[in-house]
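Undergrad: sequence first, then the predicted structure:
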Amino acid sequence: MNSSQAALFRFFDYQWYANDTLSNDTYCCVYNDEYVPTIDDDGTLVGVHCDSPILPIGPHGRTGVLISVICFVLVAFILPNMIKHGWACPHNPCTARCRRRAEWIFLTFMLFLLAFAGLDWIEIDRAILPGNYVALLGFLFQAGTCACLASLWHFVSSYGYGRRVYLLAQNQTIEKLDSRDHWIYGFEFYVPVLFYILLLITFFLDALRPWAAITEGNLDVVVDSRAKVACVFLTLCWLAILGQFLVYRKFYGNCPRQRDTAILFLLLCFIPRIIFQFVGAWNAQLHLYNEDVRSAYVFVIGFLPMIVIALYGICYGYFAPNTQELQKQATASTEEDGHDQPPSGEQVNTSSHKADQASLISVDMASKEKLNKSQDVNVSVRPLM
């Protein structure tokens, strides 16, 4: 097609797509001989619409169905953890903060988003042009990624809160935990604000793309500077979560039940997803929106890391105690230690009581001596009068 033909088609509101397809948003003429318009025996025209012919489900579609089935099944296993760490805790004002279930809510959102993205991925093999389903696929996939990061953040937050509750239940006189002016409380207030700002920037950069160019088959826009900046912000979000975990581990110490190892494994599982983001931002042929990309590659380092995080998070929540159970365990361990030797507070109270008794005895003796002296003086003075 020369420049004059292209100008003529633009004048009549036709669009020339990357796969040699002409369209005016209603009907199209495909130049490829494989997809020329045909007429069936019953007089039906096939191959005249931009979304036709409809091809059979390919490897991308089969992988998408597998992703959807896995995600929908995992949602059912999240509900027991949500009950254990949320609704099962007492609902009085004193223990309102025990209901730590935000990570399970975000995990549920993530699984639903990935399941619908997998169902939408079926169309990548069936249609000639990418179409609007690519925009929906990208939006769902990136939203699921942000939900996964939010879930990881709340896993780490609940880990730190559980460590604080455990230590306070063991010793109520820890000054650095009782004081609200300590820097750890400022850290827990400002760092989540920074994290969610980075997360929103990542979402808006990566999920809201120039979809008109992508649906026309122009994949050059998926490797622009916007995609590269989104990769940087995605990495910053992950580093913020890792930094929060390291601060908690340094401040509260290692967990005796190896919970910190489980949290660290959850964070490491997200690294392949970051690699997938960087590869797609620099190579359009390996991007999710490319219809020629291998489905196994996208599944292994794109979808599978977040599915593994959901699966391992479910197992972690099943075996890890909730906040109320942590308080009971800490109290029980403190009572067991108390049977072996008296607490330091009791020793201090006993010694102070003995000192008070000694001071009272000395005061009584001094008063008796003064009384005896006064009686002697009175006895010696009376005969002279």
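TA: Structure's in. What do you need?
Undergrad: and the residue lying closest to Glu291 once chain neighbours are set aside, backbone torsions?
TA: Take Glu291 and drop its neighbours on the chain: the residue closest to it by CB to CB, 6 or more residues apart in numbering is Ile124, 5.1 Å away. Where C-beta positions appear, they are placed from N, C-alpha and C, glycine not excepted. Per-residue torsions, Ile124: phi -70, psi -20 (degrees, to the nearest 10).
Undergrad: Ile124 against Val293, yeah?
TA: No - under the contact definition of CB atoms under 8 Å, Ile124 does not touch Val293, with a separation of 9.0 Å.
Undergrad: pick out whichever of the two has more residues nearby.
TA: Between Ile124 and Val293, counted using other CB atoms under 10 Å, Ile124 has the larger neighbour count: 25 against 19.
Undergrad: poorly predicted segments of the stretch 151-300 of the chain, please.
TA: Applying pLDDT under 70 to the stretch 151-300 of the chain flags residues 170-182, 255-258.
Undergrad: so where do the helices sit in it?
TA: Under the criterion DSSP state H, counting those that start in this stretch, the stretch 151-300 of the chain contains helices at 175-178, 183-207, 211-215, 225-252, 259-268, 271-282, 295-298.
Undergrad: the ones you listed: which one's closest to Thr63?
TA: Across the helices of the stretch 151-300 of the chain, Thr63 has its closest neighbour in helix 295-298 (4.1 Å, CB to CB).
Undergrad: continuing past that closest one, what's the next helix or strand?
TA: helix 304-319 (DSSP states H and E).
Undergrad: name the residues that touch that next one?
TA: Contacts of helix 304-319 with the rest of the structure, by CB atoms under 8 Å, 6 or more residues apart in numbering, involve 67, 70-71, 74, 77-78, 80-81, 84-85, 103-104, 107, 110-111, 114, 144-145, 148, 151-152, 155, 262, 265-266, 269-273.
Undergrad: give me the angle between it and helix 271-282.
TA: Per axes from the mean of the first three to the mean of the last three CA atoms, to 10 degrees, the angle that helix 304-319 makes with helix 271-282 is 160 degrees.
Undergrad: helix 304-319: which residues count as buried?
TA: Buried residues in helix 304-319, counted by 16 or more other CB atoms under 10 Å: 304-307, 309-310, 313-314, 316-317.
Undergrad: only alpha carbons, please: show it as CSV.
TA: Provided in CSV are the C-alpha atoms of helix 304-319 (Å, rounded to 0.1, in the frame of the first residue of the first chain):
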residue,chain,number,x,y,z
LEU,A,304,3.0,-19.1,38.5
PRO,A,305,4.9,-16.9,41.0
MET,A,306,1.7,-15.2,42.2
ILE,A,307,-0.1,-18.6,42.3
VAL,A,308,2.7,-20.0,44.4
ILE,A,309,2.5,-17.1,46.8
ALA,A,310,-1.2,-17.7,47.2
LEU,A,311,-0.7,-21.4,47.8
TYR,A,312,2.2,-21.0,50.3
GLY,A,313,0.3,-18.1,52.0
ILE,A,314,-2.6,-20.4,52.5
CYS,A,315,-0.4,-23.1,54.1
TYR,A,316,1.4,-20.4,56.2
GLY,A,317,-1.9,-19.1,57.5
TYR,A,318,-3.2,-22.6,58.3
PHE,A,319,-0.2,-23.4,60.5
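Undergrad: mind starting the numbering at 238 from now?
TA: All right, first residue 238 from here; so that's helix 541-556.
Undergrad: quick one: that helix to helix 496-505, angle?
TA: Using the same axes, to 10 degrees: helix 541-556 against helix 496-505 is 160 degrees.
Undergrad: thinking again about what came up before, now the buried residues of helix 541-556 in a markdown table, with distance to Val428 and pLDDT?
TA: Below are the buried residues of helix 541-556 laid out as a markdown table (distance: CB to CB, whole Å; pLDDT from 0 to 100):
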| residue | distance to Val428 | pLDDT |
| --- | --- | --- |
| Leu541 | 29 | 94 |
| Pro542 | 24 | 94 |
| Met543 | 23 | 95 |
| Ile544 | 28 | 95 |
| Ile546 | 21 | 95 |
| Ala547 | 24 | 94 |
| Gly550 | 21 | 90 |
| Ile551 | 26 | 91 |
| Tyr553 | 22 | 87 |
| Gly554 | 23 | 84 |
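Undergrad: with distance to Tyr427 added, can I get the residues you listed in TSV?
TA: Output for those, formatted as TSV (distance: CB to CB, whole Å):
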residue	distance to Tyr427
Leu541	34
Pro542	29
Met543	28
Ile544	32
Ile546	26
Ala547	29
Gly550	26
Ile551	31
Tyr553	27
Gly554	27
